[in-house]
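Chemist: Next input, structure requested:
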Amino acid sequence: MHEALFYEKLTNNEVRCLLCPRFCHLKPGQTGNCRVRVNADGRLETMVYNRVAAIGIDPVEKKPLYHFYPGKKILSLGEVGCNLHCNFCQNYQTSQCFASDFHGFHEINSDQIVKEALSITDNAGIAYTYNEPFTFYEFMLEIAELVKSVGLKNVAVSNGYINQEPLKNLLPYFDAFNIDLKAFDNDFYLRQTGGQLKPVLDALEIIAEEGKHLEITNLVIPGLNDDTGIFENMVRWIRDELGQDVPLHLSRYFPQYRLNNPPTPLKTLSRLYIVAKNYLHHVYLGNVNDESRSSTYCPGCGELLIERNRYRTVIVQEGFRGICLKCGTSVNMVF
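Modeler: Have a look, this model is predicted:
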């Protein structure tokens, strides 16, 4: 247990958490909606500190990040808990689990994690992922400060459901984000996740304004968030508010957790891909075997720059480092 950041003490030993838009009001002994922050006699404490539920080495493309150190590895960390409760959660075994009920933690501190990251050949840094990383905010921040000090990179793969002050407090230590924009419809958020859309849009705008590398994932679920008009509004908003160079990953849904809708038809992904390409330079299909629409092309001349097939990444244009050598167009890519 470790004292949490971003909360206020109330009367009768009650507390209010200020980390995310839920603003959980907790009596002594109660656990927050994220399932990992608990009121211990008037002090908000985190149950996910100096321990991880999952740790492993991944291709950075698996996050997915296609424009951030392509072809590199990244050490990935995850905990349990989440402040959204999506009916279609792909990692529900850990994200929808109470920390008090989980028995698979690995005890490890921030120094040990950074030492592990430094020992990995061709490693870009650390990704906070698998569950919602903002729920283990305190441990993540401590690790991120150390990671930054040794010259590695910090990546958050998140639902973006966080209040503005905690997010801005993290940004000096982070280099890249992949934010899951689940739909461009508040009713979808309310019904399918138990959250709201606006805080996610606010987080995306802050990340972009601060100049952090940003990519977005949209899991396309048939009958729930695949309406062409609403989707077009979303990609137009991304272009206008975040920039047309922000990569968008359209991911194919498969039945998981409490949702049994059939898998996303490939023709639906193709339809939305075409719509998105009218507004954004870099659109990718995920959870499918589609080399053409997983590869990176120059938005200026159409030259093939990076070829991908699943997590195999090959830089095709010899010497490419973010600027197309054929036409001089910038491709918004970090090397």
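Chemist: what about residue 104, how many residues close to it?
Modeler: Residue 104 sits with 12 neighbouring residues when counted by other C-beta atoms under 10 Å. All C-beta spots, glycine's among them, are computed from the backbone N, C-alpha and C.
Chemist: ok, now residue 255?
Modeler: 12.
Chemist: which SS class is the nearest residue to residue 21 once chain neighbours are set aside?
Modeler: Sequence neighbours aside, residue 199 is the residue nearest to residue 21 in space, at 4.4 Å (criterion: C-beta to C-beta, 6 or more residues apart in numbering). Three-state assignment for residue 199 (DSSP: H, G, I helix; E, B strand; the rest coil): helix.
Chemist: My read is that residue 199 contacts residue 23, right?
Modeler: No. Judged on C-beta atoms under 8 Å, residue 199 makes no contact with residue 23 at a distance of 11.1 Å.
Chemist: what about these two, which has more around it?
Modeler: residue 199 (20 against 14).
Chemist: pLDDT below threshold where in the stretch 1-150 of the chain?
Modeler: When residues are selected by pLDDT under 70, none of them lie in the stretch 1-150 of the chain.
Chemist: Can you show me the strands along it?
Modeler: Per DSSP state E, counting those that start in this stretch, the stretch 1-150 of the chain carries strands over the ranges 2-3, 7-9, 15-17, 25-26, 37-40, 43-46, 51-52, 54-59, 73-78, 106-107, 123-128.
Chemist: now the stretch 151-300 of the chain
Modeler: Applying DSSP E, counting those that start in this stretch to the stretch 151-300 of the chain gives strands spanning 153-158, 176-180, 213-220, 248-252, 283-286, 296-297.
Chemist: would CSV of the ones you listed with mean pLDDT be doable?
Modeler: Listed next are the strands of the stretch 151-300 of the chain as CSV, based on pLDDT from 0 to 100:
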stretch, mean pLDDT
strand 153-158, 98
strand 176-180, 98
strand 213-220, 98
strand 248-252, 98
strand 283-286, 97
strand 296-297, 98
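Chemist: Single out the most deeply packed of these.
Modeler: strand 153-158 (a mean of 25; mean count of other C-beta atoms under 10 Å).
Chemist: Which strands or helices does that one pack on?
Modeler: strand 123-128, helix 137-149, strand 176-180 (3 or more C-beta pairs under 8 Å, 6 or more residues apart in numbering; DSSP states H and E).
Chemist: I'd like to know which of these is closest to residue 189.
Modeler: If you check each of these against residue 189 by C-beta to C-beta, strand 176-180 wins as the nearest, at 11.4 Å.
Chemist: Format the CA atom coordinates belonging to the closest one as PDB.
Modeler: The C-alpha atoms that make up strand 176-180 are tabulated as PDB, following Å, rounded to 0.1, in the frame of the first residue of the first chain:
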ATOM      1  CA  ALA A 176       4.200   9.000 -26.700                       C
ATOM      2  CA  PHE A 177       0.600   8.000 -26.200                       C
ATOM      3  CA  ASN A 178      -1.800   5.600 -27.900                       C
ATOM      4  CA  ILE A 179      -5.300   6.700 -26.700                       C
ATOM      5  CA  ASP A 180      -8.300   4.400 -27.300                       C
END
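Chemist: contacting residues around residue 228?
Modeler: 271-272, 275 (C-beta atoms under 8 Å, 6 or more residues apart in numbering).
Chemist: Pull out the buried residues from these.
Modeler: 272, 275 (16 or more other C-beta atoms under 10 Å).
Chemist: export the contacts of residue 228 to CSV and tack on pLDDT and distance to residue 33?
Modeler: What follows is the contacts of residue 228, written out as CSV (pLDDT from 0 to 100; distance: C-beta to C-beta, whole Å):
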residue, pLDDT, distance to residue 33
271, 98, 35
272, 98, 31
275, 98, 34
